[in-house]
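In: Mind looking at a prediction? Sequence and model below.
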Amino acid sequence: MKIFRKNYLDEREKTESRRITSIAYWIAFWGLVISIMVQLFAFEFNFANIAGEFIVLLVCALYVAVRHARRGIDDNSFIKYSIKTYLIISLAISFLINIPAFLIWYVRHEMLLSDSLLYFAIGIAVSFVLAFGLTVTFGSLTKKRRKKLDEKYSNDDIENPE
């Protein structure tokens, strides 16, 4: 018994299907982010309660980043990548990660403001270094791959004019 049939979708239908899948991925991705935040703040869960969701979120994010870098695809074509851009992106990521952590330490655990600010500053520094390293790495991999693809296809056009 044959389960799968030949794919009869044309290019337009394939593109539309990929767009639908992409939107579904981003809905699931941001749904997991919101779910994790709600569980941490509203239900006062700890990390052990959200570890499964966090792992799925991390695996999805890493998969998309690695696949885009390996293919030389830049989703953010409106951003000009430079050290300044990497610094701004890393700083934004650091604050987005550490503001909820600061609120949890200060509000839920009733830490002193000075202790919470110290943890916040350490968290900003560590996450900034990690985020900067990752953005530079993936940005340079993507640019390198894009350059290689551009050279390959521009040479093909010169050698095989139609």
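Out: That came in fine, so what should we check first?

In: Quick check: closest non-adjacent residue to the residue nearest to the spatial centre of the chain.
Out: Centroid-nearest residue in the chain, with CA atoms, centre = their mean: Ala61, separated by 4.6 Å. Excluding the flanking residues, the one nearest Ala61 by CB to CB, 6 or more residues apart in numbering is Phe29, at 7.3 Å. (C-beta placed from N, C-alpha, C; glycine too.)

In: Check the secondary structure at the one you found for me.
Out: The three-state label given to Phe29 by DSSP: H, G, I helix; E, B strand; the rest coil is helix.

In: pLDDT wise, what is the nearest residue to Phe43 once chain neighbours are set aside at?
Out: Computed as CB to CB, 6+ apart, the closest residue to Phe43 that is not its neighbour in sequence is Asn49, at 8.0 Å. Reading off the confidence values, Asn49 has pLDDT 84.

In: Was I right to think Asn49 contacts Gln39?
Out: Yes - Asn49 lies in contact with Gln39 (CB atoms under 8 Å); the separation is 6.4 Å.

In: related to what we said a few turns ago, the residue nearest to the centre of the chain is in what secondary structure piece?
Out: helix 47-71 (DSSP states H and E).
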